[in-house]
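> predicted model, plus sequence, below.
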Amino acid sequence: MVDSMQKIVSFSKRRGFVFASSEIYGGFGSCYDFGPLGVELKNNIKKAWWDEMTKKHDDIVGLDASILMSPKVWKASGHLTAGFADELVECKKCHHRFRKDFIKEKCPDCGGSLTKPKKFNLMMKTFVGPVEDEASVTYLRPETCQGIYTNFKNVMQTMRMKIPFGVAQIGKAFRNEINPKDFIYRTREFEQMEMQWFCEPKNAPKSFNYWKKERLNWYLNLGIKKANLRAKEVPKNELPHYAKRAVDIEYKFPFGWKEIEGIHNRGDWDLSNHSKHSKEDLKYEDYFPHVIETSVGVDRSLFAFLCDAYTEIKGGRTKTTQSAKQVEVMLKLDKSLAPIKAAVLPLVKNKPEIVKKAKQIYNLLKPNFVCQYDESGSIGRRYRRQDEIGTLFCITIDFDSFKKDDVTVRNRDTMKQKRVKIKDLTECLRKQL
Ligand code: GAP
């Protein structure tokens, strides 16, 4: 696991995982872009979550609601009121602003004294249509789940769902954070994977415990080390405005234990409030179902997976080459998350027949797996480059490949190599993924 923030930030940029947004203009407001490897990793995390929710459980269906919703939604949900606000203080000298709970008595930038705290709503405001007046104000959603509540009846009726059932959704959310910080940990634009489990009120406590366990296991099954994961009960006085009970799943980042997912018992807060404000009856039979929510940030979990997989090997793993004197980096991502499944490497690049065969193999694998073709540098150097980004298999084409119509497949974790017939290669890799 990574031991410093600076290492993981520079690794993420150097290997094409995460770039600062608008970098050529000096960056912008703690926004980040996911590079070619970052987007593969992100898509793999989303797929792992989606499959876990909708394939493993036949009583969970999916939804993709819009980011912009009627402002009435945010009134009913409590987000427009003080419920969704942080306390902000301003330095009287340099006028920098901070979240009150992040700092002590003095300004951390200049030591100046601070104003009294005032509430700052975290919703991002925008206008719908050409006129920028109060009537056209709406907000970018600060959490994705409200689209699930407003579609509760649509989903239930069209899919003939019976309580208990769940609705899963992945999508962008926005919060005008006062102090976005810690790289992609706290940003103003992020993606959430949320599942709302609708159940009978009497079953809510049992469902809560079930989902807490399921969610912890999801991370462990995807390779997060047990010692770096924990569940923390949120004290009553710190509960979000909608929750009766909350447990944070926390990961041990280089900057400390931090929340990556929230499990919430939202009771009937959302359905009863939307019923009241919209005048639509959102009851199931004669009661409001209670909601157990699991809510995880894609970016935050990606950050945790990256930190956990990042491994430094002093002296390197190969003892036969010069690299033995350096620190080698390996990304031990789970096979389902690794951005590149296979790299195709011609042993040498100055033999046209080897290069031609390697390109044929690359074209054979490409439709089935995310692959890279790399012919530059020594073979040892190319193996290390692939280990560093977590590539599962390196496939080498050498002179023997012509005689035997086979290739060498090197395993990332064991470094063991075995020869595989080209006709069996796709199936051989598929079996191991
Ligand atoms: N619907 C409930 C909800 O949104 P939350 O605890 O406010 O609950 C859930 O957020 C998850 O969303 C967090 O655990 C985190 O992973 C992610 N998240 C929240 N704010 C974030 C931010 N500013 N930047 C990145 N991820 C964030």
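The structure has been received and is ready for your questions. Numbers count the residues shown, from 1 in each chain.
> where in the stretch 201-350 of the chain is pLDDT low?
The model of the stretch 201-350 of the chain has pLDDT under 70 over residues 320-325.
> show me what contacts the residue nearest the centre of the chain?
Geometric centre of the chain, nearest residue: Val298, 2.0 Å, by C-alpha atoms, centre = their mean. Residues near Val298 by C-beta atoms under 8 Å, 6 or more residues apart in numbering: 42, 45-46, 170, 190-193. Glycine gets a C-beta too; all of them are placed from N, C-alpha and C.
> how close does it get to Trp50?
11 Å (C-beta to C-beta, to the nearest Å).
> again with Lys75
In terms of C-beta to C-beta, Lys75 sits 31 Å off from Trp50.
> and for Pro180?
Where Trp50 is concerned, Pro180 sits at a distance of 27 Å (C-beta to C-beta).
> one more: Ile361?
Taken as C-beta to C-beta, the span from Ile361 to Trp50 is 31 Å.
> more neighbours: those two, which one.
With neighbours defined as other C-beta atoms under 10 Å, Ile361 and Trp50 compare such that Ile361 has more, 23 against 16.
> in the helix or strand that that one is a member of, what counts as buried?
Using DSSP states H and E, Ile361 sits in helix 352-365. Neighbour counts over helix 352-365 (16 or more other C-beta atoms under 10 Å) mark 354-355, 357-358, 361-362, 365 as buried.
> same question, stretch 51-67
Buried-residue list, stretch 51-67, by 16+ other C-beta under 10 Å: 52-54, 60-61, 63, 65.
> relative to Arg385, which of the residues you listed is nearest.
Nearest to Arg385 among these, counting by C-beta to C-beta, is Glu52 at 31.3 Å.
> check whether Val355 really touches Glu375, as I assumed.
Yes: Val355 is in contact with Glu375 according to C-beta atoms under 8 Å; the separation is 6.5 Å.
> for the stretch 1-150 of the chain, what spans make up the helices?
5-14, 36-50, 71-77, 146-150 (DSSP state H, counting those that start in this stretch).
> a markdown table please, covering those helices and showing mean pLDDT and distance to the ligand.
As requested, the helices of the stretch 1-150 of the chain are arranged in a markdown table below (pLDDT from 0 to 100; distance: least, C-beta to the nearest ligand atom, whole Å):
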| stretch | mean pLDDT | distance to the ligand |
| --- | --- | --- |
| helix 5-14 | 96 | 15 |
| helix 36-50 | 98 | 12 |
| helix 71-77 | 96 | 10 |
| helix 146-150 | 98 | 8 |
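> distance to Ser207 added to those, as CSV?
Listed next are the helices of the stretch 1-150 of the chain as CSV, based on distance: least, C-beta to C-beta, whole Å:
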stretch, distance to Ser207
helix 5-14, 35
helix 36-50, 18
helix 71-77, 21
helix 146-150, 16
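> most tightly surrounded among the ones you listed?
Counting by mean count of other C-beta atoms under 10 Å, helix 146-150 has the highest mean neighbour count of the helices of the stretch 1-150 of the chain, with a mean of 22.
> following the chain past it, name the next helix or strand.
Using DSSP H and E, the helix or strand that follows helix 146-150 in sequence is helix 152-158.
> list the buried ones in that following helix?
152, 155-156.
> stretch 238-246 now?
242-246.
> got the end-to-end distance for that stretch?
Start and end residues of stretch 238-246 are separated by 9 Å (C-alpha to C-alpha, to the nearest Å).
> how about residues contacting that stretch?
By C-beta under 8 Å, 6+ apart, stretch 238-246 touches 77-78, 83-84, 208, 233-234, 262-267, 269-270.
> picking up where we left off before, now flag whichever of the contacts of Val298 is closest to Pro71.
After measuring the contacts of Val298 against Pro71 - C-beta to C-beta - the closest member comes out as Gln192, at 20.2 Å.
> what residues does the stretch 1-150 of the chain put near the ligand?
143, 145 (C-beta under 6 Å from any ligand atom).
> any idea which residue of the stretch 1-150 of the chain lies closest to the ligand?
Nearest residue of the stretch 1-150 of the chain to the ligand: Glu143, at 3.6 Å (C-beta to the nearest ligand atom).
> show me where the stretch 301-433 of the chain has its strands.
310-314, 327-331, 342-346, 371-373, 393-397, 406-411, 417-421 (DSSP state E, counting those that start in this stretch).
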